[in-house]
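**Student:** heads up, no residue letters with this:
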Ligand SMILES: Nc1ncnc2c1ncn2[C@@H]1O[C@H](COP(=O)(O)OP(=O)(O)OP(=O)(O)O)[C@@H](O)[C@H]1O
Ligand SMILES: [Mg+2]
């Protein structure tokens, strides 16, 4: 039985405009699944459908074999969610907010107190346990919300952009915690930090315009891009096309070539000799993301037969 | 692992009343003061003759006000904190959340009940049965207004929208009905408007108990049937038809 299955999942908020358009995939087991995609791609919509907050208009989805629409009650026993725009009430302290959340979920007093303190320690924020949320920094407020769902008994967690607003150190600390949790949890997170997905996720999905463009481990996604090397050219320069590979022109004017290792070496040596500013790396998730999400643009540019380089 | 329903209810009471009162004591003062403005005015204008009715009226309006307050609290929680989404994605049902929040509003209203209770003890002369009937009317109206408030809060998508709901609801439910004075004070075509609010039926029962106005037994029976019927219907709507999961 798969952990998560979506089949033809669709959502049409307003007639004719699909926020999700026939999304089908499955994730076999526990661990972290990271969903990435541009603003408006449909990530939150997907999270809200799976977390039983929103009804789909088509298709179905199951979590641990339970249908999110038909078996809502059983699904809700298993899940916890931090919505994208959630905030802990400013007049509560983290202790008050989190223990209340745990009470809502039906946890008794002693267990809630214990679970609260253990989680605060895990996230290294125990010294703020009794500071009113109003006085906490933005990132800490976010951590309090994440702490609430971690402290719950839920084994399936939905975190919609959990690390937005966290400083780099807090973010890596949260990653550590999630890495520990993923052994016995299924964590569905969305993020705009691609290195977060790279570092944390067992599976990564790329959503664009309501469609799932790619899904797999980082290596599997790498394999989808024909060329494993990336050269980014920062300065204006005339040059030839790569013999092999493809080119994307970013909105910032930076040109990126994806190509083979050999061609990357040849081309970069040549360009450096000419004094062109560039960087050369094995492709990252960011490159894959651009490759997949911006593909249409790239093809268009290429087909024009324009002279680059 | 079992779920404690007591815990689930107490959570709402903590978040929506105890912690709130502890942090913003001023809220409490405003809640206690609210029913007194009209009560005092009516008492002075009527040279004291309407005081017993006005006390009953203040009781009724506090109960109706609890639901309006709940609607605004819950809209705020839902739209500004996404609390409803967090609770939806948890084992807590809409009914339990609604029940807990209703209890929290009741806790909020306790100081008002105490103050009005003391006034009633001295100025309202009714039998023990009369007081029991009065309590029943208040509980029924409280349940009605909370159920309505809950339903509306789940449909609101913004706190500004919830202010509009609150304005309309409080005009219909509490400004129109003659809770502080006998319904006969309202000129004829407008009396029908007053009957749009369950508070009017409750007020008639209350006014007959205080002995200031007398209604026929048949009319009072109708009053009871209406407030109980409307409240049961509203409770059913709250549990079955509120927008817990969005469409
Ligand atoms: N309640 C709504 N009513 C109508 N349209 C909506 C609603 N919520 C979202 N949409 C639309 O659905 C699409 C997907 O939105 P969604 O919030 O799921 O995107 P997202 O991937 O989470 O974006 P972001 O990265 O900005 O959070 C967008 O076009 C958005 O405008
Ligand atoms: Mg989103």
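**Tutor:** Cool, got the structure. All values reported here derive from a predicted model rather than from experimental measurement. Ligands and ions are numbered 1, 2, ... in the order given.

**Student:** near chain A, which residues of chain B?
**Tutor:** By the criterion of CB under 8 Å from any CB of the partner chain, the positions of chain B lying close to chain A are B:1-5, B:7-8, B:10-12, B:14-15, B:19-20, B:23-24, B:77, B:80-83, B:85-92, B:97, B:100, B:245-247. No exception for glycine: its C-beta is placed from N, CA and C like everyone else's.

**Student:** Check those for burial and list the buried ones.
**Tutor:** In the residues of chain B next to chain A, burial by neighbour count holds for B:3-4, B:7-8, B:10-12, B:14-15, B:19-20, B:23, B:77, B:81-83, B:85-92, B:97, B:100, B:245-246, counting by 16 or more other CB atoms under 10 Å in any protein chain shown.

**Student:** Inside helices: which ones of these?
**Tutor:** Within those, residues falling in helices by DSSP state H are B:7-8, B:10-12, B:19-20, B:23, B:77, B:81, B:83, B:85-88, B:97, B:100.

**Student:** And the residue of chain B that's closest to ligand 2?
**Tutor:** Proximity of chain B to ligand 2 (CB to the ion) peaks at residue B:82, 11.9 Å away.

**Student:** per-residue confidence for that residue?
**Tutor:** Confidence per residue is given as pLDDT, and for residue B:82 that number is 96.

**Student:** Now the helix or strand hosting residue B:150: buried residues?
**Tutor:** Following DSSP states H and E, the helix or strand that holds residue B:150 is helix B:128-155. Residues of helix B:128-155 classed as buried by neighbour count (16+ other CB under 10 Å): B:130, B:133-134, B:137-138, B:140-155.

**Student:** Now do it: distance to the chain's middle.
**Tutor:** Per CA atoms, centre = their mean, to the nearest Å, the displacement of helix B:128-155 from the mean C-alpha position of its chain is 5 Å.

**Student:** Determine the set of other helices and strands touching that helix.
**Tutor:** Contact partners of helix B:128-155 among helices and strands, from 3 or more CB pairs under 8 Å, 6 or more residues apart in numbering or on different chains; DSSP states H and E: helix B:51-81, helix B:94-123, helix B:159-170, helix B:198-210, helix B:217-241.

**Student:** Worst mean pLDDT among those helices?
**Tutor:** Averaging pLDDT over each of those singles out helix B:159-170 as the lowest, with a mean of 84.

**Student:** ok and the residue in the stretch 201-309 of chain A nearest chain B?
**Tutor:** Chain B sits closest to residue A:210 of the stretch 201-309 of chain A, with a gap of 17.3 Å, by CB to the nearest CB.

**Student:** show me what contacts that residue?
**Tutor:** The neighbours of residue A:210, taking CB atoms under 8 Å, 6 or more residues apart in numbering or on different chains as the test, are A:10-11, A:18-21, A:23, A:41-42, A:45.

**Student:** Just flag the most distant two among these.
**Tutor:** Spatial extent of these (CB to CB) is set by the pair A:10 and A:41 at 14.3 Å.

**Student:** Chain A: helices as residue ranges?
**Tutor:** Under the criterion DSSP H, chain A carries helices at the ranges A:43-50, A:72-78, A:94-104, A:109-122, A:138-151, A:168-181, A:194-200, A:218-224, A:261-273, A:285-293, A:295-303.

**Student:** check contacts around the residue of chain B closest to ligand 2.
**Tutor:** Applying CB under 8 Å, 6+ apart, one finds that residue B:82 lies in contact with A:83-87.

**Student:** give me that answer again for 10 Å
**Tutor:** Remark: with contacts taken as CB atoms under 10 Å, 6 or more residues apart in numbering or on different chains, residue B:82 is in contact with A:53, A:81-87, A:145, A:160, B:88.

**Student:** Also residue A:75?
**Tutor:** Applying CB under 10 Å, 6+ apart to residue A:75 gives the contacts A:50-52, A:61-64, A:66-69, A:156, B:89, B:91.

**Student:** Make TSV out of the helices of chain A and add mean pLDDT.
**Tutor:** Conversion of the helices of chain A to TSV gives the following (pLDDT from 0 to 100):
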stretch	mean pLDDT
helix A:43-50	97
helix A:72-78	96
helix A:94-104	96
helix A:109-122	95
helix A:138-151	93
helix A:168-181	88
helix A:194-200	90
helix A:218-224	85
helix A:261-273	88
helix A:285-293	82
helix A:295-303	41
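
**Student:** Among those, which comes closest to ligand 2?
**Tutor:** Taking CB to the ion as the criterion, helix A:43-50 is the member of those that comes nearest to ligand 2, at 3.1 Å.

**Student:** looking at it, residue B:121 is touching residue B:131, isn't it?
**Tutor:** Yes - Residue B:121 is within contact range of residue B:131, at 9.4 Å (criterion: CB atoms under 10 Å).

**Student:** what about residue B:61, how many residues close to it?
**Tutor:** Counted with other CB atoms under 10 Å in any protein chain shown, the burial measure for residue B:61 works out to 26 neighbours.

**Student:** Against residue B:124, how distant is it?
**Tutor:** As judged by CB to CB, to the nearest Å, residue B:61 and residue B:124 stand 16 Å apart.

**Student:** just residue A:105 next, same as before
**Tutor:** According to CB to CB, residue A:105 stands 44 Å off from residue B:124.

**Student:** neighbour count winner among these two?
**Tutor:** Neighbours of residue A:105 and residue B:124, each counted by other CB under 10 Å, are more numerous for residue A:105; the result is 27 against 23.

**Student:** check contacts around the more buried one.
**Tutor:** Applying CB under 10 Å, 6+ apart, one finds that residue A:105 lies in contact with A:76-77, A:80, A:112, A:148-149, A:151-154, B:3-4, B:7-8, B:11, B:86-87, B:90-92.

**Student:** any idea how far it lies from ligand 2?
**Tutor:** Residue A:105 sits 24 Å away from ligand 2, going by CB to the ion, to the nearest Å.

**Student:** burial of the closest residue in space to residue A:177 that isn't next to it in sequence, as a residue count?
**Tutor:** Nearest residue to residue A:177, sequence neighbours excluded (CB to CB, 6 or more residues apart in numbering or on different chains): residue A:122, at 5.4 Å. Counted with other CB under 10 Å, residues neighbouring residue A:122 total 18.

**Student:** Could you list the buried residues of stretch A:284-293?
**Tutor:** By neighbour count, with 16+ other CB under 10 Å as the criterion, the buried positions of stretch A:284-293 are A:285-293.

**Student:** Equivalent analysis for stretch A:16-36, please.
**Tutor:** When burial is assessed from 16+ other CB under 10 Å, stretch A:16-36 yields the following buried residues: A:18-21, A:23, A:25, A:27, A:30-36.

**Student:** what two of these are the furthest from one another?
**Tutor:** If you compare every pair in these using CB to CB, the most distant one turns out to be A:18 and A:30, at 30.4 Å.

**Student:** residues near residue 111, how many?
**Tutor:** Reading this off chain A. Neighbours around residue A:111, by other CB under 10 Å: 16.

**Student:** look at chain B instead
**Tutor:** 14.

**Student:** where's it relative to chain A, distance?
**Tutor:** Residue B:111 sits 19 Å away from chain A, going by CB to the nearest CB, to the nearest Å.
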